[in-house]
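> fold the following for me, if possible:
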Amino acid sequence: MRTITALKLRNRLGEVLDQVRFTKTPVLVYKNAKPVARILPVRQSKRVDKEQFLKEYRELMAKLPKKYQVGDPDPDLMEILGSGAQVSLEEEEEVIYQYLKEKHG
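Below you'll find the model as predicted:
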């Protein structure tokens with residue numbers, strides 16, 4: 001991860017944003033020798049395909065030792081992920097987090 005001081009960031013903001021955008025490399029911002037912020041590239045949106053997800057999930061499970069294998073994901077979670085809505089990865093992670101929080105407290 002690249003680092004930059006807040007002062008340099010102020011003077012080179014456009015350049016730093018372009019670097020993050022095109023290299024997909026985060027930048028850690030320091031102020032007074034302490035980390036204060038992180039600039040991350042935006043993840044591209046993707047469409048969640050339920051059948052493809054299940055296929056990849058099952059292939060992954062088959063590669064694991066038996067003691068680590070579990071059944072298919074919870075049907076309620078699969079319904080959320082497989083709705084066909086176009087969401088960003090951040091939104092998808094938030095949906096999963098909220099679902100798990102509601103289900104397991």
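> contacts and neighbour counts: CA atoms only from here.
OK.
> how is this structure divided into domains?
Split into domains by automatic domain parsing, the chain comes to 2-39, 46-104.
> out of those, which gets the lowest mean score?
Least confidently modelled of the domains of the chain is domain 46-104, at a mean of 66 by mean pLDDT.
> for residue 42, give me its contacts.
residue 21 (C-alpha atoms under 8 Å, 6 or more residues apart in numbering).
> any idea how far residue 8 is from it?
22 Å (C-alpha to C-alpha, to the nearest Å).
> helices of this protein, residue ranges please.
Assigned by DSSP state H, the chain shows helices spanning 6-23, 50-63, 75-81, 89-104.
> buried set for stretch 36-45?
39, 41 (16 or more other C-alpha atoms under 10 Å).
> ah, wrong one, I meant stretch 1-11
For stretch 1-11, the neighbour count (16+ other C-alpha under 10 Å) marks 4, 5, 6, 9 as buried.
> and which of these is nearest residue 67?
Proximity of the buried residues of stretch 1-11 to residue 67 (C-alpha to C-alpha) peaks at residue 4, which lies at 45.4 Å.
> apart from its chain neighbours, what residue comes closest to the closest one?
residue 29 (5.1 Å; C-alpha to C-alpha, 6 or more residues apart in numbering).
> quick one: contacts for the one you found?
3, 4, 5, 6, 9, 35, 36, 37, 38, 39 are the contacts of residue 29 under C-alpha under 8 Å, 6+ apart.
> let me see the contact set for the first one.
Neighbour list for residue 3: 27, 28, 29, 30 [criterion: C-alpha under 8 Å, 6+ apart].
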